[in-house]
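Novice: no sequence for this one, just the structure:
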């Protein structure tokens, strides 16, 4: 199969180099490994230029917020038509965006159109459609989602949402959860990872990887860490990432007197993340209770590295993970419960190690990206025309 992948992503610090395209890079890489020609049309970010396993056509975008998505839509539309003169795609796959141009390209070329809905707040999944702009986005979402040949969603909750709110036929929707590259993310020697990162080899580390946004629950984590430090003064908090709340979190850490107990790496390349996870004793994903639907890449990556994790028991997380699968679940937004579970793992390293081993086995068996890409490909090949009888549910 020949694939065109369209993926626009905006973060407050764009256009420097958003990290939100990792899932699309990984999907494209795995499809290419299966022997399929893949062309990805991303904004011209640095990460787009670094991809070598497949063809990338970086789309120049204008820097201003309103013009940025418009310039991407126009540029990628014409670039797609030009590339199609050389290689017509069997599948046009795109992550949800307000512009319907990938659907238009698929119709012009006679290709299968697949839209991925992955829980972003566009359109307004909360249902709050006040104002002309909100109503217009909701209408456009309904028009586009109902007209795509297939929809891929990350969770069962998202599947129910697009069916009930946007009237999408349930048989055209399948769940393709997040996963992990089990070769890149694998168990590593903790001491070697710490030496590589310049960390204290004698300390204990609780670690987080991700973007610093409100829904990540990092303010709750900092509060919990105060309690942890009272019991185990040698523990340090390793925060890997950056984002719009970075400064306010630094200010909070200073007010709480955490000082040098918190290590801020800033944004790092995805290739360096496995060694940083390898340096951690326990990993954490303290999502806020109102996070909504998500399929957290960080948890799959943590477990693939053989590290135990503590995570908020929001529905989309608790539906997949449990203690038997490497993750201790705690109530969201509860600093005391979060601190207690992290302390329990730090104080029982053998139990923590066993939890990590179980987690690695779980993701290796079910959530490796190589397996997920094969299942997506096989599902589309079984029904090459607009689906009337596709099996819903988990691929």
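Specialist: All right, it came through fine. Because the structure is a prediction, the values reported are computed rather than measured. Numbering: from 1, shown residues only.
Novice: can you map out the helices along the stretch 251-395 of the chain?
Specialist: With DSSP state H, counting those that start in this stretch as the criterion, the stretch 251-395 of the chain has helices at 273-278, 297-304, 315-318, 335-347, 349-366, 369-382.
Novice: what's the average pLDDT for the fourth one?
Specialist: Put plainly, it is helix 335-347. On average, the pLDDT along helix 335-347 is 98.
Novice: for stretch 359-367, same thing?
Specialist: For stretch 359-367, the mean confidence score works out to 94.
Novice: for that stretch, which positions count as buried?
Specialist: 359-360, 362-363, 367 (16 or more other CB atoms under 10 Å). Heads up, the C-betas are built off the backbone N, CA and C, glycines and all.
Novice: Same question for stretch 266-282.
Specialist: For stretch 266-282, using 16+ other CB under 10 Å, the buried residues are 267-268, 270, 273-282.
Novice: what residues go with each domain of the chain?
Specialist: For the chain, the structural domains run 3-179+369-394, 190-366, going by automatic domain parsing.
Novice: lowest-confidence stretch among these?
Specialist: Minimum mean pLDDT among the domains of the chain: domain 3-179+369-394, a mean of 84.
Novice: Please compute how far that domain lies from its chain's middle.
Specialist: With CA atoms, centre = their mean, to the nearest Å as the basis, domain 3-179+369-394 stands 14 Å off its chain's centre.
Novice: same deal with stretch 281-290?
Specialist: 14 Å.
Novice: List the buried residues of that stretch.
Specialist: Buried, per 16+ other CB under 10 Å, within stretch 281-290: 281-288.
Novice: before we move on, the earlier item: of the helices of the stretch 251-395 of the chain, which approaches residue 162 most closely?
Specialist: When those are ranked by distance to residue 162, counting by CB to CB, first place goes to helix 315-318 at 14.5 Å.
Novice: what packs against the closest one?
Specialist: strand 327-330 (3 or more CB pairs under 8 Å, 6 or more residues apart in numbering; DSSP states H and E).
Novice: elements contacting the strand it packs on?
Specialist: Using 3+ CB pairs under 8 Å, 6+ apart, strand 327-330 is in contact with strand 309-312, helix 315-318, helix 335-347, helix 349-366.
Novice: re the thing from before, could you say which of the helices of the stretch 251-395 of the chain is packed most deeply?
Specialist: Compared across the helices of the stretch 251-395 of the chain, helix 297-304 shows the largest average neighbour count, a mean of 27 (mean count of other CB atoms under 10 Å).
Novice: who touches that one?
Specialist: 22-23, 178-182, 185-186, 208-210, 273-274, 277, 283, 285, 309, 311, 317, 321, 325-327, 356, 359-360, 362-364, 367 (CB atoms under 8 Å, 6 or more residues apart in numbering).
Novice: coming back round to it: nearest to residue 8, of the buried residues of stretch 281-290?
Specialist: residue 287 (24.6 Å).
Novice: Residue 216 is in contact with the closest one, correct?
Specialist: Yes: using CB atoms under 8 Å, residue 287 makes contact with residue 216 at a distance of 6.6 Å.
Novice: how about TSV for the helices and strands packed on strand 327-330, with distance to residue 222 added?
Specialist: Converted to TSV, these look like this (distance: least, CB to CB, whole Å):
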stretch	distance to residue 222
strand 309-312	15
helix 315-318	20
helix 335-347	9
helix 349-366	22
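Novice: Looking at the ones you listed, spot the one closest to residue 171.
Specialist: helix 315-318 (22.1 Å).
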